[in-house]
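Trainee: Return atomic coordinates for the entry below.
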Amino acid sequence: MESRTIQLVVHYDGRAFKGWQRQPDVPSVQGALETVLGRLCQAPVTALGAGRTDAGVHATGQSVGVIVPARWTPAALRRAMNALLPESVWVADAHEMLPAFHARYSAESRRYRYLVGVDEAARSPFRRHFEWAAPGPVDPSLLTAEAAALPGEHGFRAFAVKGTAPADDDHRCRIVAAHWEPRPGGLAFVVEANRFLHHMVRFLVGTMMDVALGRRPAGTVGALLDAPDNRDVSVPAPPHGLYLERVMYPATLYAAPAVTV
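Mentor: Presented below is the predicted three-dimensional model:
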């Protein structure tokens, strides 16, 4: 049977799931997508994500690769899936890709955004599940200074869960961009890199926030880069403020010109 390779751009509310990866007897984003795909295609279909987000982490641009019967065009598959998916998941866009496309290994970079609320309304039930309400007054200039140490290639053992990468992995990541920016009621940390380690963004945010709250000295993030272990890192920021925002691929992998979402 002829097939078609499609990239799905997926949004999801991480509160509804125990993470991205399919697991027995617990809700997962991958499981929700594969259930719907299997129903539509009348056969098992693997949904391969660009990254395995943790329980509670959200996405506004998770990339998911699927191989489906050729009768499914990207637009038709998107419409059909959105009619069946739970309300916590939405396929924002779909692109036909060349067969060489791999959602994880073809990615050139990934971009995450972490939201911090600094006003009193950050504790509202309409915000507190989607951003981290700062536990005290925050100095934005200190956040900016800590983030300035990140661009470039560094070792990130200090900002990763020990033992979650292979023993021979060098834990090096190339940070394309890292900065804090203002937003209504708070701040956002935006970071783009060729790869991310387990809990890496949350460890970075937790450490930068400790500096901005006056709990740790200025320059802590830079001092921890290329450290041999994570013994001196701060507690990771909570998962509900983190969003996988976008995954970038070479234009040559798209069967037709892609429209930026």
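Trainee: in a helix, that's where Thr252 is, yeah?
Mentor: Yes - Thr252 forms part of a helix when assessed by DSSP: H, G, I helix; E, B strand; the rest coil.
Trainee: count of residues packed around it?
Mentor: 7 (other C-beta atoms under 10 Å). Every C-beta, even on glycine, is put in place using the N, C-alpha and C of the backbone.
Trainee: which residues touch it?
Mentor: When contacts are counted by C-beta atoms under 8 Å, 6 or more residues apart in numbering, Thr252 touches Leu98.
Trainee: ok, now Leu213?
Mentor: For Leu213, the contacting residues are 134-138, by C-beta under 8 Å, 6+ apart.
Trainee: Next: Met81.
Mentor: So Met81 contacts 8, 33, 36-37, 40, 91 (C-beta under 8 Å, 6+ apart).
Trainee: give me that answer again for 6 Å
Mentor: Met81 makes contact with 36, 91, according to C-beta atoms under 6 Å, 6 or more residues apart in numbering.
Trainee: next one: Ile67
Mentor: Taking C-beta under 6 Å, 6+ apart as the test, what Ile67 contacts is 3, 5.
Trainee: Need the pLDDT of it.
Mentor: With respect to pLDDT, Ile67 has a value of 98.
Trainee: And whichever strand or helix holds it, what's buried?
Mentor: Here Ile67 sits within strand 58-69, counting by DSSP states H and E. By neighbour count on 16 or more other C-beta atoms under 10 Å, the buried set for strand 58-69 is 58-68.
Trainee: Can you list the strands that that strand pairs with?
Mentor: Strand 58-69 sits in its sheet next to strand 3-12 (antiparallel), strand 48-49 (antiparallel), strand 242-248 (parallel), going by DSSP bridges.
Trainee: Pull the residues that contact stretch 201-210.
Mentor: Outside of stretch 201-210, the residues within contact range by C-beta under 6 Å, 6+ apart are 112, 114, 143, 146, 159, 189, 216, 220-221, 233-237.
Trainee: repeat that for 8 Å
Mentor: 112, 114, 116, 132, 134, 138, 142-143, 146-147, 150, 158-160, 189, 191, 216, 220-221, 224, 230, 233-239, 241-242.
Trainee: from the residues you listed, which would you call buried?
Mentor: Buried, going by 16+ other C-beta under 10 Å: 112, 114, 116, 132, 134, 138, 142-143, 146-147, 150, 158-160, 189, 191, 216, 220-221, 224, 230, 233-234, 236-239, 241-242, out of the contacts of stretch 201-210.
Trainee: Where strands are concerned, which of those count?
Mentor: 112, 114, 116, 132, 189, 191, 242 (DSSP state E).
Trainee: Which of those residues sits closest to Pro74?
Mentor: Tyr112 (25.2 Å; C-beta to C-beta).
Trainee: residue contacts, that closest one?
Mentor: 190-192, 196, 201, 242-245 are the contacts of Tyr112 under C-beta under 8 Å, 6+ apart.
Trainee: Max pairwise distance over those: which two?
Mentor: Across the contacts of Tyr112 (C-beta to C-beta), the longest gap, 14.0 Å, separates Glu192 and Leu242.
Trainee: So for Trp132, what's the nearest residue that isn't a sequence neighbour?
Mentor: Gly241 (3.9 Å; C-beta to C-beta, 6 or more residues apart in numbering).
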